[in-house]
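Asker: Got a predicted structure plus its sequence, pasted below:
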Amino acid sequence: MKALIKVGYGCNDHCTFCHTLDVRHTDAPTAEIDRKIDRARALGHTMVVLSGGEPTIRPELTRWAARVAAAGLDFGLVTNGRVLAYPAVVDELMRHRLRYVYLSLHGGSRTIHNRLVRADAFAETYQALANLSGRGLDLKVNCVVTLQNLAHLRGVVDAVRPFPDATLKFSMVEPKGGGAALMTALTPRIAEAAAAVVDAITYGLAQTGGAGPAFAHGGFPLCLMPGHEDRYADLKTDRFATMIEVGEPDFFPVDDDNKLQPAACAGCALRGPCPGLYRGYHAVFGDGELRPRRGGARANSFDYTVEAAVRPRPDDPRCPVLRLGVTPWDRGRHLFVAHGERLVRCRADTRDFADAELTTIKHDLGQLYLDVSAKDAPDDFARDLRQLTRSPRCAPCPERDRCTGLFEPIDDDRFGQDDALIAGWMAELTGEVLDVGCGASDRYDQALAPRAAAGLVRYLGLEPDPAVAAAARAARPWATIVTSDLDGFATAARFDHVLALRSWNHFPDGDAALVRLSALARPGGTLTLVDNVAFGLVRTPAQTARARASAARREHFANDDSHAVIARARARGLAVEAHHPVGPSTSNQWAVRLRVP
């Protein structure tokens, strides 16, 4: 994992969109950068990347590279490349484990590039690209997309084509620093810019036959990048874990706080990996250009893979997380688990969930579990999983709300407790019952079967999978099972009780499903919805590898919680009779019982 260190904000270019326009006079003292390199090693990073401003204009450049290499770490640069036009400089940095370069090139010609960087820089930057290519580097070429180069992106492709080991990335200009001060003069509409980037990438692939260079994009909502969604790249996809600005006392996690996913993104199948919109762009232009994708399957869990064991310090009674430092750890993506005398650090690298979703799942809902099974995918949660809860040591801590936290396993069978609640509801049913997506599980049969035998309920189950429907028929002689999904079920009948038990998040369109389910209930009847929120699984690297290589398929189209369902229900005039939400003291199963008017 990489650590990004800003060495100062001075630069030998004068980019119109410069993020640090207002602080270009500020540079960090040499000793400050020395300390930060040492701190990166202590945090377990494997590479230090220097940035600015422009890090290559600092006279300490090769000295810092040597310090990084002496610490056993790889070295990287975020740079305009002008100093790297000198082969001797590149040669020396290679001797100090230079492995990664993120090079800025904003036009394929002298005219376009120099117009944006406001310096006669193109020849040097382009020579740097030639000097760096062919050396086995992770070589990224970044082009910031503005109004000034929007019509010339194919030219950038042509300029980079001779370097097949590079990755050319097109980045939407960010409203920050110069990008904010000159926003109207620099910023194209996001849909227009995305279309130009799609055109440039498509052109590049056609010209090279996919042989290289590679292509990527950043800062564009994925719904505007059809066919190129998987080419999204940012600091996280480049394996940056932390960064530190000039003057900051410690590292902070790389985050996306400068972006947002507005309400229009709530049901989008691309929400997890998508960056959304820059906040500054949204404030000016809104979200009317977004085209959310509906109907795509989503993951319903993610992995916290063990990264390292944390060495105990019997001589230090402090909380081990506080001892390591609070700020370097991502509140959503890092997880410290204490089990007896052992303490491990885990990390979630998933792109199936947005950062805000991960933080909610971890801290607000408390849905974290140890995977104690040997299965590719747990299927008996009560036996396969042990829930984690925040350590009692965290409760009085003044850092609680900004710390990633310390978690411990508990032995409570919260899955059983929550299932007992639903079984109690089932034991109260009378009359005609429709169970949509009934499956073959016997989870609530002890409550339903005696009532069916006594004639108190007449049970009809819908199951779209023919094999599962056949198994359900064999297991439930007291029930009628029909092979059908919700949309394909044609009937004039109305039911006293309509059930969707762990089916809700399998419906492609929740709004349409609620309309259909409500229509199947008699006036005054009930609609009972039960399902699960997404959850995190603590796994060893071997468990994670096995799970990701498995044939398990995604079946969820949403990860709605009970509050989202209730909001929909109330908008349609349904009354809430009972509500069991998910929280840190429950399993990940929620339940809602609604009354149909």
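Answerer: Everything's here; your move. Numbers count the residues shown, from 1 in each chain.
Asker: packing partners for the helix ranked longest in the chain?
Answerer: Ranked by residue count, the top helix of the chain under DSSP state H comes out as helix 190-208. Using 3 or more Cβ pairs under 8 Å, 6 or more residues apart in numbering; DSSP states H and E, the elements in contact with helix 190-208 are strand 138-145, helix 153-160, strand 166-172, strand 214-218. Any C-beta I mention is one placed from the backbone N, CA and C, and that applies to glycine too.
Asker: Restricting to C-alpha, output the last one in CSV.
Answerer: By that I understand strand 214-218. Listed in CSV are the C-alpha atoms of strand 214-218, where the atom choice follows Å, rounded to 0.1, in the frame of the first residue of the first chain:
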residue,chain,number,x,y,z
ALA,A,214,-4.1,1.1,-21.4
PHE,A,215,-6.8,3.7,-20.7
ALA,A,216,-8.5,4.9,-17.6
HIS,A,217,-10.8,7.7,-16.4
GLY,A,218,-11.4,9.5,-13.1
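Asker: and that strand with strand 166-172, angle?
Answerer: Note on geometry: by axes from the mean of the first three to the mean of the last three Cα atoms, to 10 degrees, strand 214-218 and strand 166-172 are set 20 degrees apart in direction.
Asker: Helix or strand next in line after strand 214-218, which one?
Answerer: Later in the chain than strand 214-218, the nearest helix or strand by DSSP states H and E is strand 240-244.
Asker: Can you list the strands that that next one pairs with?
Answerer: Here strand 240-244 has these sheet partners by DSSP bridges: strand 2-6 (parallel), strand 252-253 (antiparallel).
Asker: Can you say which of the ones you listed is packed in most?
Answerer: Compared across the strands paired with strand 240-244, strand 2-6 shows the largest average neighbour count, a mean of 25 (mean count of other Cβ atoms under 10 Å).
Asker: Pull the distance from it to the chain's centre.
Answerer: Centre-to-centre, strand 2-6 and its host chain are 21 Å apart (Cα atoms, centre = their mean, to the nearest Å).
Asker: And the contacts of the next helix or strand after it?
Answerer: Tracing the chain past strand 2-6, the next element assigned as helix or strand by DSSP H and E is helix 30-42. When contacts are taken as Cβ atoms under 8 Å, 6 or more residues apart in numbering, the neighbours of helix 30-42 outside the stretch itself are 3, 5, 7, 48, 50, 60, 64, 67-68, 71-73, 242, 244, 246-247, 250-251.
Asker: which parts of helix 30-42 are buried?
Answerer: Judged by neighbour count (16 or more other Cβ atoms under 10 Å), helix 30-42 contains these buried residues: Glu32, Ile33, Lys36, Ile37, Arg39, Ala40, Arg41.
Asker: possible to save those residues as a markdown table with pLDDT and distance to Ala472?
Answerer: Supplementary listing: those in a markdown table, determined by pLDDT from 0 to 100; distance: Cβ to Cβ, whole Å:
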| residue | pLDDT | distance to Ala472 |
| --- | --- | --- |
| Glu32 | 98 | 67 |
| Ile33 | 98 | 65 |
| Lys36 | 98 | 61 |
| Ile37 | 98 | 62 |
| Arg39 | 98 | 59 |
| Ala40 | 98 | 56 |
| Arg41 | 97 | 58 |
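Asker: Now do the contacts for the residue of the chain most remote from its centre.
Answerer: Taking Cα atoms, centre = their mean, the residue of the chain most remote from its mean C-alpha position is Ala454, at 50.2 Å. By Cβ under 8 Å, 6+ apart, the contact list for Ala454 is empty.
Asker: And it, how far from Ala395?
Answerer: To Ala395, Ala454 is 49 Å away according to Cβ to Cβ, to the nearest Å.
Asker: cool, and Leu182?
Answerer: Taking Cβ to Cβ as the measure, Leu182 and Ala395 are separated by 48 Å.
Asker: which of these two has more neighbours?
Answerer: In this view Leu182 and Ala395 are compared by other Cβ atoms under 10 Å, and Leu182 has more residues nearby, 18 against 8.
Asker: excluding its backbone neighbours, what's nearest that one?
Answerer: Thr16 (5.9 Å; Cβ to Cβ, 6 or more residues apart in numbering).
Asker: Show me what counts as buried in the helix or strand hosting Asn131.
Answerer: Taking DSSP H and E as the definition, one finds Asn131 inside helix 122-132. Taking 16+ other Cβ under 10 Å as the neighbour-count basis, helix 122-132 is seen to contain the buried residues Phe122, Glu124, Thr125, Tyr126, Gln127, Ala128, Leu129, Asn131, Leu132.
Asker: Looking at the fourth one now. What's its pLDDT?
Answerer: Predicted confidence (pLDDT) for Tyr126: 98.
Asker: With the first one instead?
Answerer: Among the per-residue scores, Phe122 holds a pLDDT of 98.
Asker: And the residue nearest to Arg97 when sequence neighbours are not counted, its phi and psi?
Answerer: The shortest distance from Arg97 to any residue other than its chain neighbours is 4.4 Å, reached at Ala69 (Cβ to Cβ, 6+ apart). Backbone torsions of Ala69, given as degrees, to the nearest 10, read phi -60, psi -40.
Asker: just the one 5 residues further on next, same as before
Answerer: Torsion angles at Asp74 (phi, psi; degrees, to the nearest 10) stand at phi -80, psi 160.
Asker: What is the burial count for the residue lying closest to Arg553 once chain neighbours are set aside?
Answerer: Nearest residue to Arg553, sequence neighbours excluded (Cβ to Cβ, 6+ apart): Ala297, at 7.8 Å. Ala297 sits with 14 neighbouring residues when counted by other Cβ under 10 Å.
Asker: right, and the secondary structure at Tyr102 would be what?
Answerer: At Tyr102, secondary structure determined by DSSP: H, G, I helix; E, B strand; the rest coil is strand.
Asker: how about it, what does it touch?
Answerer: Listed by Cβ under 8 Å, 6+ apart, the contact set of Tyr102 reads Val49, Gly76, Leu77, Val78, Thr79, Lys140, Asn142, Asp238.
Asker: partners of it in the sheet?
Answerer: Counting by DSSP bridges, the residues bridging with Tyr102 are Val78, Lys140.
Asker: quick one: it from Thr389, how far?
Answerer: As judged by Cβ to Cβ, Tyr102 and Thr389 stand 40 Å apart.
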